[in-house]
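Student: what's the 3D shape of this:
(chains A and B)
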Amino acid sequence: MSPTILLLLALGLGLAGWLAARARAWTLRRESADGRLSSLPTYHAWYVALWIVLPLLAFVALWSAIAPGLISQAVLSSPAAADLPAFGFQRQTILNEARAVATGAAPAVFNPQARDLVEPFRDALSYYNTIGIVVTLLIAFLAGTWAFLRLKPDFAARTRVERIVMAILLAASLVAILTTIGILASLIFETVRFFGMVSPIDFLFGTHWGPDPMANPDNPDASRYGAIPLFWGTLFIGAIIAMIVAIPLGLMSAIYLTQYANPRVRSWVKPALEILAGVPTVVYGYFAALTIAPAIRDLAIDLGASNPSSESALAAGLVMGVMIIPFVSSMADDSIAAVPQSMRDGSLAMGATTNETIRRVLVPAALPGIVAGVMLAISRAIGETMIVVMAASTAANLSGNPLESMTTVTVQIVAMLTGEGSFDHPATLSAFALGFVLFMVTLGLNFVALRVVKRYREAYE
Amino acid sequence: MTVVHENLEATDAKMSARDVSVFYGDKKAIDEVSIEIPTKYVTAFIGPSGCGKSTFLRTLNRMNDTIPSARVEGEITLDGEDIYRSKMDVVQLRARVGMVFQKPNPFPKSIYENIAYGPKIHGLAEGKDELDAIVERSLKRAGLWEEVKDRLQDSGTALSGGQQQRLCIARAIAVDPEVILMDEPCSALDPIATAKIEELIAELNGRYAIVIVTHSMQQAARVSQRTAFFHLGKMVEYGRTSDIFTNPLEQRTQDYITGRYG
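Tutor: Numbers count the residues shown, from 1 in each chain, chains lettered A, B, ... in the order given. Model (predicted):
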């Protein structure tokens, strides 16, 4: 069943139900003793229409999840599938090829084994499609009829519709949450596979990083999977260098904007800062790789370095810091603005200057919010990929010198997944373990930051 | 035009305002007010909401400067010096003319730090001992010492409303001002806390020139010796508190104090 036809079918049936229910409601209204219904006819109409469309869509979603499995099962049990290779990967390739031809997505097959499977595939497809359509229609019809039969003069269709709408909204908000859980589950699954090959101790505490995608996957050299240099590079670039740039600049611009700037300046500068937040990170990446990194290399030569790297941690960190400024600034701006005016008045009335008021009263009072903003900024910085992919190197390096090249967790995830390695190889799987660590760290930072913000908000209400 | 009672004995004026008008943008909030604030007395500003009494109070330590659209005309002097002259140091002025606000607004710091704030920024204390002495003296004068002496490091915001307001008064006293302006200091407090603040005002009377804005006529009658009645941005009548309440010369004052409006 193509999605378009399904959609039209759902809409058509829904509309039919809507019209029928409305007509029925009008009739009920005419026949009722006092010429009134407990709900308007349109609510009866919506009630029936929703009862047709929603079960239909729910079944279609369910069916499209289980049908491919049923079809494969049917094909595999056909005589033509008897001599398929047992190895999962090749077997899947052949099946995919046969399916592509059967559905008309590909003109012809290359693999002779697949050719024999096209016919069983076609049969299975049409068989299960027919079942799917019949059951779909049946469900829509039954649900619609059931809803239709409930229509009575005193039927509270209005409150029923309200409840259904609420359920739809709840389902919509669950999508994002379920997706997150799904992502986490797949991360955990692959991470566990990785830790089956390389021990977590070696991974979390080893100091040498250099996975070899060509090495024998069955016997990985665990000493090459020490992620400490990556964690250090991530921290050094994202949480140290970037924050040294972003915290002072962001805080100062927030103070200027909330306390000193007149409304006209503010109306210019604030949107300009927000544009900075909207620049695609790839563009920052160019800037870091093509402008800042060479400049820093030249600087390093002037400072007497003999053979400086062209990809320094400093370049990536500086540009990332600039990228983060709007985050810090807008969080600090919000929390300074949330300090009651009476605090400011109180301080000024003591004879404090604006500057003293800011330093001694406003910033301390806004500190929880500012700290939370910085934590959110850090979590964003350590999860940032494009800038470091373009400006930092892939060489893992455990060093405190910002002029040296370093690599980060995100860079290595990209490097490990974009190679030619197979998905069974520990080098590839290490990307999931790295992603899992990153996920947990940013999750923790966000969680703590939101808690801090929440407590702080309560303090002034 | 303002009616000033003639039976006022001559006192030395701590502050005086001559023909002061305040504008918010084009709107005139205060219209040519002239008044002398005596050194030794508590002066009360009364009047219905929006009559401009708080606005006028805020001109006395230039707190209106923080509102960009506000503009002040006329002359206000402190010990004979014009406080709106261009050379005037606003920071110094506010140290000499302290202020207590409608809602208690202690800083989110410890009780000790709240009091020490002013002395620190103005450099009034040399060393920790002197600062401790100032904090203790200020809290004693504000009648709060006995209640908080064992928990000076607790947050000022953890005190009750009435204690917070006395903390704010102590904070204002700590920089040894000459005038204390109080903008409806009891409007957010319960009757018991209000009574304590009123007692405190009576004790502070004489040491500082005090100006209090209040909605409560009973409060004005209880704590002040001079009363000015404001209405629609004008000062209608000014005289001894006892005279204003028992023998007002203006019909509008009479109407207000008998509760006919406001």
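
Student: quick one: secondary structure of B:Val20?
Tutor: strand (DSSP: H, G, I helix; E, B strand; the rest coil).

Student: what does B:Phe230 give?
Tutor: strand.

Student: Chain B contacts on chain A?
Tutor: Within chain A, the positions adjacent to chain B are A:262, A:340, A:342-353, A:356, A:360-361, A:364-365, A:459 by CB under 8 Å from any CB of the partner chain. The way it works is simple: take the backbone N, C-alpha and C, and place the C-beta from them, glycine included.

Student: elements contacting the host helix or strand of A:Val269?
Tutor: Taking DSSP states H and E as the criterion, A:Val269 maps to helix A:263-278. For helix A:263-278, the elements it packs on are helix A:313-338, judged by 3 or more CB pairs under 8 Å, 6 or more residues apart in numbering or on different chains; DSSP states H and E.

Student: Generate a ChimeraX selection restricted to the buried entries among the residues of chain A next to chain B.
Tutor: Buried members of the residues of chain A next to chain B, identified by 16 or more other CB atoms under 10 Å in any protein chain shown, are gathered into one ChimeraX selection as follows:
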select /A:342,343,344,345,346,347,348,349,350,351,352,356,360,361,364,365
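
Student: In helices, which of the residues of chain A next to chain B fall?
Tutor: A:Ser342, A:Met343, A:Arg344, A:Asp345, A:Gly346, A:Ser347, A:Leu348, A:Ala349, A:Glu356, A:Pro364, A:Ala365, A:Ala459 (DSSP state H).

Student: I'd say the second one and A:Val363 touch.
Tutor: No - counting by CB atoms under 8 Å, A:Met343 sits too far from A:Val363 to count as a contact (11.2 Å).

Student: Strands along the stretch 151-262 of chain B, start to end?
Tutor: According to DSSP state E, counting those that start in this stretch, the stretch 151-262 of chain B carries its strands in the segments B:179-183, B:209-213, B:226-231, B:234-240.

Student: Could you dump these into a markdown table and include distance to B:Lys196?
Tutor: Listed next are the strands of the stretch 151-262 of chain B as a markdown table, based on distance: least, CB to CB, whole Å:
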| stretch | distance to B:Lys196 |
| --- | --- |
| strand B:179-183 | 14 |
| strand B:209-213 | 15 |
| strand B:226-231 | 22 |
| strand B:234-240 | 26 |
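
Student: I'd like those as TSV, with mean neighbour count, distance to B:Arg18 and mean pLDDT appended.
Tutor: TSV is the format used below for these (neighbours: other CB atoms under 10 Å in any protein chain shown; distance: least, CB to CB, whole Å; pLDDT from 0 to 100):
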stretch	mean neighbour count	distance to B:Arg18	mean pLDDT
strand B:179-183	25	17	95
strand B:209-213	26	16	95
strand B:226-231	26	15	93
strand B:234-240	22	12	93
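
Student: between those strands, which one is nearest to chain A?
Tutor: strand B:179-183 (8.3 Å; CB to the nearest CB).

Student: and the gap between A:Gly206 and A:Ile228?
Tutor: 6 Å (CB to CB, to the nearest Å).

Student: List the contacts of the residue of the stretch 101-250 of chain B found nearest chain A.
Tutor: Nearest to chain A in the stretch 101-250 of chain B, going by CB to the nearest CB, is B:Asn105, at a distance of 3.9 Å. By CB atoms under 8 Å, 6 or more residues apart in numbering or on different chains, the contact list for B:Asn105 reads A:Pro340, A:Ser342, A:Met343, A:Asp345, A:Gly346, B:Cys168.

Student: repeat that with 10 Å
Tutor: A:340-347, A:349, B:156-157, B:164-165, B:167-168, B:171 (CB atoms under 10 Å, 6 or more residues apart in numbering or on different chains).

Student: what does B:Pro48 give?
Tutor: Counted by CB under 10 Å, 6+ apart, B:Pro48 has contacts B:His215, B:Phe229, B:Phe230, B:His231, B:Leu232, B:Tyr256, B:Tyr261, B:Gly262.

Student: Run through the bridge partners of the second one.
Tutor: Yep, that's B:Phe229 we're talking about. Going by DSSP bridges, B:Phe229 is paired in beta bridges with B:Ile46, B:Glu237.

Student: was I right about it contacting B:Asp243?
Tutor: No - using CB atoms under 10 Å as the test, B:Phe229 is too far from B:Asp243 to be in contact (11.4 Å).

Student: My guess is A:Ser422 contacts A:Pro213. True?
Tutor: Yes - in this structure, A:Ser422 is within contact of A:Pro213 by CB under 10 Å, at 8.5 Å.

Student: Check which helix or strand the residue of the stretch 101-250 of chain A at minimum distance from chain B maps to.
Tutor: Across the stretch 101-250 of chain A, the shortest distance to chain B (CB to the nearest CB) belongs to A:Ile247, at 21.4 Å. Element membership for A:Ile247 (DSSP H and E) is helix A:242-255.

Student: Same check on B:Ala29?
Tutor: Judged by DSSP H and E, B:Ala29 forms part of strand B:27-38.

Student: Might you report the residue contacts of A:Val265?
Tutor: A:Tyr256, A:Leu257.

Student: same question but for A:Leu54, I mixed them up
Tutor: Applying CB under 10 Å, 6+ apart, the residues near A:Leu54 are A:Ala10, A:Gly14, A:Ala140, A:Ala143, A:Ile164, A:Ala167, A:Ile168, A:Ala171.

Student: could you list every residue that touches the most far-flung residue of chain B relative to its centre?
Tutor: What lies farthest from the middle of chain B is B:Gly127; by CA atoms, centre = their mean that is 30.4 Å. B:Gly127 makes contact with B:Ala133 under the criterion CB under 10 Å, 6+ apart.

Student: follow-up on the earlier one: and the ones in helices among the residues of chain A next to chain B as a markdown table, adding pLDDT?
Tutor: Output for those, formatted as a markdown table (pLDDT from 0 to 100):
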| residue | pLDDT |
| --- | --- |
| A:Ser342 | 89 |
| A:Met343 | 91 |
| A:Arg344 | 91 |
| A:Asp345 | 92 |
| A:Gly346 | 93 |
| A:Ser347 | 94 |
| A:Leu348 | 93 |
| A:Ala349 | 93 |
| A:Glu356 | 92 |
| A:Pro364 | 87 |
| A:Ala365 | 87 |
| A:Ala459 | 59 |
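
Student: for the closest residue to chain B within the stretch 351-461 of chain A, phi and psi?
Tutor: In the stretch 351-461 of chain A, the residue that lies nearest chain B is A:Gly351 (3.6 Å; CB to the nearest CB). Main-chain torsions, A:Gly351, degrees, to the nearest 10: phi 90, psi 20.

Student: Across the sheet, point out what pairs with the residue positioned nearest the centre of chain B.
Tutor: Computing the C-alpha centroid of chain B and ranking residues by CA atoms, centre = their mean puts B:Leu181 first, at 1.6 Å. When bridges are called by DSSP bridges, B:Leu181 pairs up with B:Met99, B:Val211.

Student: Is it correct that it is in contact with B:Cys168?
Tutor: No - the pair B:Leu181 / B:Cys168 is not scored as a contact, 11.9 Å apart, by CB under 10 Å.

Student: now the residue sitting nearest the centre point of chain A: how far from A:Ala81?
Tutor: Computing the C-alpha centroid of chain A and ranking residues by CA atoms, centre = their mean puts A:Thr180 first, at 7.0 Å. A:Thr180 sits at a distance of 38 Å from A:Ala81 (criterion: CB to CB).
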